[in-house]
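Colleague: quick one, structure for this:
(one chain, ligands or ions: 2)
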Amino acid sequence: MAKDDSLRQRKTPHQRDAHGATGAGVKPFKFDQAAMLKKLITISITFAFVRFVLIPFLMGPKDYDRFVGKDAITGKAVYMVPCSKDYESEEFEECKPKECRRVVRDDLVSLSDAQHLLGVAKRGLSLGGSLGGASILDIHSGALSMGEKFVNIYKLLESMEEEIFSAEDFEVYRRVKGQIHNAIAEEFGIPKDKLYLTKPTFFSRMNMTPPKTIHDEYWHPHVDKETYGSFHYTSLLYLTTYQQDFDGGRFVFIDKKSNKTVEPRIGRVSFFTSGSENVHFVERLKDGTRYAITISFSCNPEHAIADPTLK
Ligand SMILES: O=C(O)CCC(=O)C(=O)O
Ligand SMILES: [Fe+2]
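Modeller: Ligands and ions are numbered 1, 2, ... in the order given. Predicted coordinates for the structure are as follows:
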């Protein structure tokens with residue numbers, strides 16, 4: 001009887017388990033859900049790390065999408081962007097942005113006026129200049145970068161024999177400012193007399209010199225409305241051309257999904273609403289010298305400034 005029992009318990013070859021074991025210590029296969037889940041989580045984390053951390057790190061920063069390239073465009077390029085809440089608590093109903101956007105136009109300012117203003121910028125800035133890579137000249141207030149500080153160019157000129165600026169320089173400046181003023185008022189449906197030129201409005205020169213003060217670090221993302229306080233609409237008139245006069249130095253709008261560039265071109269006007277829907281920066285220069293003018297407008301009459309005149 002005992003023998004029979006032992007015979008019955010012996011397994012045939014078909015009854016052997018996958019490892020060839022023949023009975024003693026056989027573990028029946030059991031689906032271990034917890035272990036499987038752990039494995040899946042480990043694989044997912046590894047995949048996410050490689051895809052979103054390691055690969056982007058090894059490949060360097062993502063390049064930008066081009067909004068407007070350096071070649072001339074006909075008509076205007078418009079990019080609509082939802083307005084931030086920055087204007088909600090403000091008055092100025094007829095002027096403040098209701099629909100926000102970015103606009104680029106090459107047909108607004110003539111090439112000869114842009115070339116003329118480049119001459120003004122070069123002459124004015126040759127009297128001073130930052131020790132770092134970014135200098136400004138504001139011909140309204142007279143502010144001119146000098147070393148690590150600012151001086152008043154009109155005071156400087158009093159002590160000089162030669163005339164640096166002419167009546168024509170101011171005429172061209174006012175004409176160009178007027179063309180941009182009209183274009184912004186028309187684009188955003190603002191009565192022209194409800195939109196005011198504001199400060200700072202200034203020439204800028206950027207080059208490869210390493211920065212000395214925070215004023216030289218033009219490449220930080222910023223919101224003009226926060227940085228300058230009075231701005232509702234920012235415009236930029238470019239006086240030099242990307243990859244011709246300088247390299248790097250593209251203007252970059254920062255968006256959630258992809259950043260968008262405007263490549264400067266002499267005579268090109270770029271304008272946009274100044275709130276946090278339009279965070280931006282200027283890419284660090286890689287070569288050459290870049291000249292532009294920032295011309296700004298406010299809806300607040302208290303922040304209005306007059307046109308500059310020959311002093
Ligand atoms: O020169 C540019 O393209 C932009 C300068 C700028 O962001 C500014 O003046 O606030
Ligand atoms: Fe800016």
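Colleague: for stretch 175-182, buried residues please.
Modeller: Neighbour-count burial for stretch 175-182 flags 176-177, 179-181 (criterion: 16 or more other Cβ atoms under 10 Å). In this view, the C-beta of every residue, glycine as well, is placed from N, C-alpha and C.
Colleague: outside of that stretch, which residues touch it?
Modeller: Applying Cβ atoms under 8 Å, 6 or more residues apart in numbering, the contact partners of stretch 175-182 are 108-109, 113-114, 117, 192, 195, 197, 201, 235, 237, 269, 271, 295, 297, 307.
Colleague: from those residues, which land in helices?
Modeller: 113-114, 117 (DSSP state H).
Colleague: next, the contact list for the closest residue to K76 other than its chain neighbours, please.
Modeller: Excluding the flanking residues, the one nearest K76 by Cβ to Cβ, 6 or more residues apart in numbering is R105, at 4.7 Å. R105 sits next to 73, 75-77, 183, 268-269 when contact means Cβ under 8 Å, 6+ apart.
Colleague: filter those residues down to the ones near ligand 1?
Modeller: Cross-checking the contacts of R105 against ligand 1 (Cβ under 6 Å from any ligand atom) gives no overlapping residues.
Colleague: top of the residues you listed by neighbour count?
Modeller: Counting neighbours by other Cβ atoms under 10 Å, R268 leads the contacts of R105 with 27 neighbours.
Colleague: quick one, helices of the stretch 151-300 of the chain?
Modeller: Assigned helices in the stretch 151-300 of the chain, in chain order: 153-158, 167-188, 224-228 (criterion: DSSP state H, counting those that start in this stretch).
Colleague: for S44, which of those is the nearest?
Modeller: helix 224-228 (39.3 Å; Cβ to Cβ).
Colleague: and the closest one, how far out from the chain middle?
Modeller: 13 Å (Cα atoms, centre = their mean, to the nearest Å).
Colleague: contacts for that helix?
Modeller: Contacts for helix 224-228 (Cβ under 8 Å, 6+ apart): 86, 198, 200, 231-232, 234, 274-276, 278, 280, 296.
Colleague: so which of those residues reach ligand 1?
Modeller: Applying Cβ under 6 Å from any ligand atom to those, those adjacent to ligand 1 are H280.
Colleague: most surrounded residue in the contacts of helix 224-228?
Modeller: Neighbour max across these (other Cβ under 10 Å) = H232, 28 neighbours.
Colleague: dump the residue contacts of that residue.
Modeller: 87, 92, 95-97, 195, 225, 273-274, 297-300.
Colleague: so can I have TSV of the residues you listed showing distance to L156?
Modeller: Below are these laid out as TSV (distance: Cβ to Cβ, whole Å):
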residue	distance to L156
Y87	39
F92	37
C95	36
K96	38
P97	38
L195	32
K225	32
T273	36
S274	31
F297	28
S298	28
C299	34
N300	31
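Colleague: inside strands: which ones of those residues?
Modeller: 273, 297-298 (DSSP state E).
Colleague: what does the stretch 101-250 of the chain put close to ligand 1?
Modeller: Close to ligand 1, as judged by Cβ under 6 Å from any ligand atom, the stretch 101-250 of the chain has residues 204, 224, 236.
Colleague: just checking, N207 touches L285?
Modeller: Yes. With contact defined as Cβ atoms under 8 Å, N207 reaches L285; the gap is 6.5 Å.
Colleague: now list whatever residues contact both of the two.
Modeller: G133.
Colleague: ok, how many other residues are close to K311?
Modeller: 11.
Colleague: any idea how far it is from ligand 1?
Modeller: Distance of K311 to ligand 1, given as Cβ to the nearest ligand atom, to the nearest Å: 24 Å.
Colleague: ok, E90 next?
Modeller: E90 is 20 Å from ligand 1, by Cβ to the nearest ligand atom.
Colleague: please work out how many residues are found near D247.
Modeller: 15.
Colleague: beta partners of it?
Modeller: D247 has the following beta-bridge partners by DSSP bridges: D287.
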